[in-house]
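Novice: Need a 3D model of the following:
(4 chains)
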Number of protein chains: 4
Amino acid sequence: MTSLGVGLIGTGYMGKCHALAWNAVAPVFGDIERPRLVHLAEAGADLAAKQARALGFEKSTGDWRELIADRDVDIVSITTPNAFHPEMAIAALEAGKHVWCEKPMAPAFADAERMAEAARISGRVAVLGYNYIQNPLIRHIGKLLAEGAIGKLHSVRVEMDEDFMADPAALFSWKSEASSGYGALDDFGVHPLSILSTLLGPAEQVMADLAKPFPTRPTQDGKDREVETFDIAHILLRFAGGISGAIQLSRSAWGRKGRVAIQLFGSEGTIAYDQERMNELQIFTREGRASEQGFRTILTAPIHPPYDKFIPAPGHGLGFNELKIIEAREVMRAISGETAHIIDFQSGLAIEKTVHAIAHSHRDGCWVRL
Amino acid sequence: MTSLGVGLIGTGYMGKCHALAWNAVAPVFGDIERPRLVHLAEAGADLAAKQARALGFEKSTGDWRELIADRDVDIVSITTPNAFHPEMAIAALEAGKHVWCEKPMAPAFADAERMAEAARISGRVAVLGYNYIQNPLIRHIGKLLAEGAIGKLHSVRVEMDEDFMADPAALFSWKSEASSGYGALDDFGVHPLSILSTLLGPAEQVMADLAKPFPTRPTQDGKDREVETFDIAHILLRFAGGISGAIQLSRSAWGRKGRVAIQLFGSEGTIAYDQERMNELQIFTREGRASEQGFRTILTAPIHPPYDKFIPAPGHGLGFNELKIIEAREVMRAISGETAHIIDFQSGLAIEKTVHAIAHSHRDGCWVRL
Amino acid sequence: MTSLGVGLIGTGYMGKCHALAWNAVAPVFGDIERPRLVHLAEAGADLAAKQARALGFEKSTGDWRELIADRDVDIVSITTPNAFHPEMAIAALEAGKHVWCEKPMAPAFADAERMAEAARISGRVAVLGYNYIQNPLIRHIGKLLAEGAIGKLHSVRVEMDEDFMADPAALFSWKSEASSGYGALDDFGVHPLSILSTLLGPAEQVMADLAKPFPTRPTQDGKDREVETFDIAHILLRFAGGISGAIQLSRSAWGRKGRVAIQLFGSEGTIAYDQERMNELQIFTREGRASEQGFRTILTAPIHPPYDKFIPAPGHGLGFNELKIIEAREVMRAISGETAHIIDFQSGLAIEKTVHAIAHSHRDGCWVRL
Amino acid sequence: MTSLGVGLIGTGYMGKCHALAWNAVAPVFGDIERPRLVHLAEAGADLAAKQARALGFEKSTGDWRELIADRDVDIVSITTPNAFHPEMAIAALEAGKHVWCEKPMAPAFADAERMAEAARISGRVAVLGYNYIQNPLIRHIGKLLAEGAIGKLHSVRVEMDEDFMADPAALFSWKSEASSGYGALDDFGVHPLSILSTLLGPAEQVMADLAKPFPTRPTQDGKDREVETFDIAHILLRFAGGISGAIQLSRSAWGRKGRVAIQLFGSEGTIAYDQERMNELQIFTREGRASEQGFRTILTAPIHPPYDKFIPAPGHGLGFNELKIIEAREVMRAISGETAHIIDFQSGLAIEKTVHAIAHSHRDGCWVRL
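Specialist: All right, here's what the predicted structure looks like:
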């Protein structure tokens, strides 16, 4: 058997991230054949050639359809702007390739549905790039919940905050146009949803209040333009089994850089996590005597796989980009027919459906059932 | 002029707290005449006498009406169970006494209205014991907001969590009976509401999801009884000026002991605070160059009055009970006709009104306008 | 039996602190007769009278010897500048009074020895005001060590840092004169020594490096004057049983306000504490399975006596001044002949002896055996 | 010009780390020609072949001398046990190769001297793998110090703690034999020394107390064997310019997994850092008004190069292994004759000299001048 042939479309940050992951996955895990970096596509043959050299790909092209037609390519990494995802992903699947596409699926729900349908028909592996769920500690949370370490889960809270839209003096940009979506909700609210969906399953009912911290933003010609998207979202959720929850989102939260603060409350304990300290997990249980009970700060360690594949000593810390290496390994696992910890196009569609339901609940001022 | 004569009804934890405050307010502040601890009422003359001796009161009685009739008493501290508040507070006000009554006002909204009305008619000072707002750092937050230190405030979040109802095996108690109220919402949700009301003014619209983590609880005879109150609340709020917000409440949050985590997001910065670390304040602004920006941890210091009245050195820490001493000083300020930082019966009524609106929004599944 | 008669000499911050403690000790603990605040002495009869009124004392005097001669006074709180301690404490003891004297004992070791001797001869209770050791969590550390919760202790570290001398532009003051002592070492290094002495017993050998961050300081007339004291100390210690340790002291540590960071390492675990978060304790033991091990953050709770005497709910926080109330209770316990958690003049003398040994080890550049 | 040819000797954790760095350095930085992974040596041709395939090397050999003789190899990564460093490094340098050797240099100081001499004679780049100094935040500390952000530095503290030797029941191993060195001091004390040496220059005087938490350890045959190394070290240091300092080391500190806690005190501020939270930096300066002063928690961001080469958004976190990629870039910089942020064999020798001086100061109980 020859090793997996990789094609990469797009070489922005996420493209580089995929390339690094494909380069590193074999050395890190040590249990798989090193993938061949076969073909790289970019806008323009020159750029493509330059990037292929830098990222270690054998061939390059200015036309992504050539890459998809390449018989040496087994899987296509799609890291282009969201609007291109449907066309590229569907073409790749139809050409019999596996697909690893960055999230979210597509601006329009109908396109996301077509992608999921194409994946279903093709029988190929179609994975979305939800890398937060690959953190060994997020996985460990899943394990703890499954084991009942905090008893029966009854409520959850997630906050996801960044500050790239926090400055009211920042010029009006495409992120404030309705055509870009709802705002924080689809911009990065899909991450909390992906994490909750992995840990708890999908929400059954949602109700939200979306808000505009700055109703207008200045334009380059010195005027004020009305903002069409919501930089803030406050969301109520109900899950199966009577679990209640809330998500807070803001891309206008000064000082927050990559906060994804999760709190999971159960009948026997509480788990807390913050992505800004992605190598730490907090857990409270009633173990031991009362006078020494308290939240424990757990540092990632080899006992939390697959951290052990990266570093043999505890407490030394993984980086955000390294989650993509773990994700690459899972993609390869899916291709080999093994159980894989991924969000495929089908699960991804459920996330996008939830996003739209949340937006509708805000518009209508009432609960929406999924 | 003689000094202020104090009467105290009730000597549970809060009664003791009032007594300590009345004992300490003059030594701590050094700018007022020492109040005389005149009269103490408890259930039964013997207990009253014993407590008067311990807490430093001159007279004692087993009948609180005697205390209210005492001409040496200028102000009555009411620290009995909530159900007694209306009768006692109204009687005291009608007797021309000032009143310092523990929160919340009364189980029934109509009673709270009667109390507010009695206060209005009496012209006396009528204060509720919302001590969280007396923390020098909470006051400092108010000052920062007023100065525009974080620009224009656009969104807020508060979480208030404890774990005294977290154990599903704990026996069914009166706190799970509908007669005790809605649950976490009125049990301690009034604290976040008091803080937000002080900092932002009252909410204009609310929408909530109240939840029962444990639908039943065991009774002493080994059966399961249906729980009638909500140990959890997820609340959406809209304030004047387009400010949006959310409050999360839980009395079933394992490991949380006195968490009141506040986040205030403005156009120029963010403020964060947690009551479990009540001597620390977090603030982010864009001061200084970008490479050194970050949340600052401010420790309470003499520069945050009235901490200076307690300790001349920074960073040594106030305690929860000491907030009551500050509150006593504010009550005395109100009596002297000075501007005081208090929640009077009128503001207290607005808080109780919000509590009921939140409960109704849950029941009806839609926004309630206040 | 009449209740304890209290005399107070000095009404600066510490005097106020003693007064507050004597006012509060009976209401807080509820198991003792309320002490009578009998007599207060200050420099000048007017100030004394004013302070007596504010602090709740019956009599006042401008001559401390009158207070000591007062037959109604059973115990004398001495809170004057250190230089006055020997004369006042010895006079009080010789008059048959108990003494509660603020730390440190005296600038000169010979005076401290005279004080200890006077205490011994008098048979009275003679206590030093080392209040850090009264924190329920510091006591709990003692309990944990005694129980072997972290196995056999093998090493310790303490850092004590403030920043009141951190500014090199601050004018030369008496704290930079050799007559004030060695510097940070006796200024507040006695606190870590008191804590370690309580937890481990006294050090057997010491070796130190004292340092001057600013060799000169400006004087009011615009010149530079050579600094004679050491604002920084790095200390090595050896205790009985092969326990090794280090203390770092600085009164020039910008941003540190009341840091007393303690780390205790044992064969089965580690305990960490920082006075700036005096209501939290960190403990690591190998309890439970490896994947959930980590430092626990314990919040003070009623299970850590005597916190329960202050607040019935966990996690609400004691303040620095409240430690003095606990200390007052211990002083009363000692007077009643009960076992008390105090540092008496004898133990205090051992601390002062260690201070001098540390200074000598620096001067001579070698270990000093105690 | 052809790209850099890389040889790698040793494929344990550090070998893998080097391989990952060589694989990733070009994609990450995007400004250099991708190095060719030419030759890999391991103990045994089979293992070498397997590892070469996994790690992406073209050739493999069971004899490291073949690798050094390979004309396609420009630089040799040496990641074998310390005892092999001298022979391999000197052979590589003599063959005209650049060398990137893991720290420490060699068990014997004379061998380290020979290595430094060989490097000097060869004129080749000879770098030691001190990766902690490559953290963008550690570099940023260097920049802050150079700019005078905290004024004139006057004192420093470093703690480095892990717990892999904390269990007294763990069997006696080679780490407890004198032949392995002094203990924690050379095992990982070289890291704090490398960081301080980069930030402040080398120490001028040292004085230490080395300690054995467990005098004996059990052997497999059920006996107790005397421990010959020191798992704990308390070190005093004096640097040029009157800077004083202390280092605490322990490999028996339960719960500490990769703690390297650095505190730098200056005349205008304080910097604090802990490797267990390697994406955070604490800084205190007196900027802004007093009521908002406090330690700031800075999250790594693109403004702290070369984080920007990894991730375009702030606060997402680098991992420990990724520091090796930065180090690889610096090694390449050195080879190109650019200024590089590295510890070369000459600086490395000064670190090893300090290690031995510290050990001697303990043995002799007095200060040692370097």
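
Novice: And residue A:236, what's its pLDDT?
Specialist: Model confidence at residue A:236, given as pLDDT, is 98.

Novice: Next up, phi/psi of residue A:59, please.
Specialist: phi -110, psi 160 (degrees, to the nearest 10).

Novice: cool, residue A:315 as well?
Specialist: Reported as degrees, to the nearest 10, the phi and psi values for residue A:315 are phi 70, psi 10.

Novice: again with residue A:334
Specialist: Backbone torsions of residue A:334, given as degrees, to the nearest 10, read phi -60, psi -40.

Novice: Surely residue A:303 and residue C:290 touch.
Specialist: Yes: counting by CB atoms under 8 Å, residue A:303 does reach residue C:290; the two are 5.2 Å apart. Heads up, the C-betas are built off the backbone N, CA and C, glycines and all.

Novice: Neighbour count for these two, which is higher?
Specialist: In this view residue A:303 and residue C:290 are compared by other CB atoms under 10 Å in any protein chain shown, and residue A:303 has more residues nearby, 16 against 12.

Novice: Kindly indicate whether the nearest residue to the more buried one once chain neighbours are set aside is helix, strand or coil.
Specialist: Of all residues not flanking residue A:303 in the chain, residue C:291 sits nearest, at 4.7 Å (CB to CB, 6 or more residues apart in numbering or on different chains). Classification of residue C:291 using DSSP: H, G, I helix; E, B strand; the rest coil returns helix.

Novice: what's the burial count for residue C:291?
Specialist: 18.

Novice: quick one, what contacts it?
Specialist: Taking CB atoms under 8 Å, 6 or more residues apart in numbering or on different chains as the contact definition, residue C:291 lies against A:140, A:298, A:301, A:303, A:304.

Novice: Please narrow these to those residing in strands.
Specialist: Among the contacts of residue C:291, DSSP state E puts residue A:298 in strands.

Novice: Contact residues of chain A facing chain C?
Specialist: Neighbours of chain C within chain A, by CB under 8 Å from any CB of the partner chain: A:140, A:144, A:149, A:281, A:283, A:285, A:287-288, A:290-299, A:301, A:303-304.

Novice: What subset of the residues you listed is buried?
Specialist: A:140, A:144, A:149, A:281, A:283, A:285, A:287, A:291-299, A:301, A:303-304 (16 or more other CB atoms under 10 Å in any protein chain shown).

Novice: For the closest residue to chain B within the stretch 1-150 of chain A, give me its contacts.
Specialist: For the stretch 1-150 of chain A and chain B, the shortest gap (CB to the nearest CB) falls at residue A:150, measuring 7.3 Å. Neighbouring residues of residue A:150 by CB under 8 Å, 6+ apart: A:144, A:264, A:265, A:266, A:267, A:268, A:269, A:270, A:271, A:283, A:285, B:254.

Novice: ok, the residues you listed vs chain C, which is closest?
Specialist: Using CB to the nearest CB, residue A:283 is the member of these that lies nearest chain C, at 5.8 Å.

Novice: Name the strands paired with the helix or strand encompassing the closest one and say parallel or antiparallel.
Specialist: Assessed by DSSP states H and E, residue A:283 sits inside strand A:280-285. Note on strand A:280-285: by DSSP bridges, its sheet partners are strand A:269-274 (antiparallel), strand A:295-299 (antiparallel).

Novice: Turn those strands into a markdown table, columns for mean pLDDT.
Specialist: As requested, the strands paired with strand A:280-285 are exported to a markdown table (pLDDT from 0 to 100):
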| stretch | mean pLDDT |
| --- | --- |
| strand A:269-274 | 98 |
| strand A:295-299 | 98 |
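
Novice: out of these, nearest to residue B:215?
Specialist: Evaluated over the strands paired with strand A:280-285, closeness to residue B:215 peaks at strand A:269-274, with 19.7 Å, by CB to CB.

Novice: Give the burial count for residue A:364, as a bare number.
Specialist: Residue A:364 has 11 neighbouring residues, counting by other CB under 10 Å.

Novice: Tell me which residues touch the residue lying closest to residue A:178 once chain neighbours are set aside, please.
Specialist: Spatial nearest neighbour of residue A:178, excluding adjacent residues (CB to CB, 6+ apart): residue A:228 at 3.9 Å. Contacts for residue A:228 (CB under 8 Å, 6+ apart) come out as A:176, A:177, A:178.

Novice: hang on, the earlier thing: generate JSON lines for the strands paired with strand A:280-285, with distance to residue A:6 as supplementary columns.
Specialist: Below are the strands paired with strand A:280-285 laid out as JSON lines (distance: least, CB to CB, whole Å):
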{"stretch": "strand A:269-274", "distance to residue A:6": "32"}
{"stretch": "strand A:295-299", "distance to residue A:6": "33"}
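
Novice: Of all those strands, which one is nearest residue C:28?
Specialist: Residue C:28 sits nearest to strand A:295-299 of all the strands paired with strand A:280-285, at 28.9 Å, using CB to CB.

Novice: Just the CA atoms of the helix or strand following that closest one, as PDB, please.
Specialist: Note on strand A:295-299: by DSSP H and E, the next helix or strand toward the C-terminus is helix A:307-310. The C-alpha trace of helix A:307-310 is given here as PDB (Å, rounded to 0.1, in the frame of the first residue of the first chain):
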ATOM      1  CA  TYR A 307      -0.400  14.500  24.600                       C
ATOM      2  CA  ASP A 308       1.900  11.500  25.200                       C
ATOM      3  CA  LYS A 309       2.700  11.400  21.500                       C
ATOM      4  CA  PHE A 310       4.000  15.000  21.700                       C
END
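
Novice: contacting residues around helix A:307-310?
Specialist: The contact list for helix A:307-310 (CB under 8 Å, 6+ apart) reads A:28, A:29, A:30, A:136, A:300, A:301, A:302, A:318, A:322, D:319, D:321.

Novice: Next, the fifth one: phi, psi?
Specialist: For residue A:300, the backbone dihedrals (degrees, to the nearest 10) come out as phi -50, psi 140.

Novice: With the one 4 residues further on instead?
Specialist: Backbone torsions for residue A:304, taken as degrees, to the nearest 10, come to phi -110, psi 90.

Novice: ok, now which ones touch it?
Specialist: Contacts for residue A:304 (CB under 8 Å, 6+ apart) come out as A:136, A:137, A:139, A:140, C:291.

Novice: Could you check the pLDDT of it?
Specialist: 98.

Novice: ok, back up a step: distance of the residue nearest to residue A:303 relative to residue A:143?
Specialist: Per CB to CB, to the nearest Å, residue C:291 is found 8 Å from residue A:143.

Novice: Next up, identify which helix or strand whichever residue of the stretch 51-200 of chain A sits closest to chain B is on.
Specialist: Of all residues in the stretch 51-200 of chain A, residue A:154 sits closest to chain B, at 3.7 Å by CB to the nearest CB. Element membership for residue A:154, per DSSP H and E: strand A:153-161.

Novice: That strand - contacts with which helices or strands?
Specialist: Helices and strands touching strand A:153-161, by 3 or more CB pairs under 8 Å, 6 or more residues apart in numbering or on different chains; DSSP states H and E, are helix A:190-200, strand A:244-250, strand A:259-266.

Novice: Tell me which of those is the most buried.
Specialist: Comparing the helices and strands packed on strand A:153-161 by mean neighbour count (mean count of other CB atoms under 10 Å in any protein chain shown), strand A:244-250 ranks first with a mean of 27.

Novice: close to chain B, is that strand?
Specialist: Yes: counting by CB under 8 Å from any CB, chain B is contacted by strand A:244-250 at A:244, A:245, A:246, A:248, A:250.
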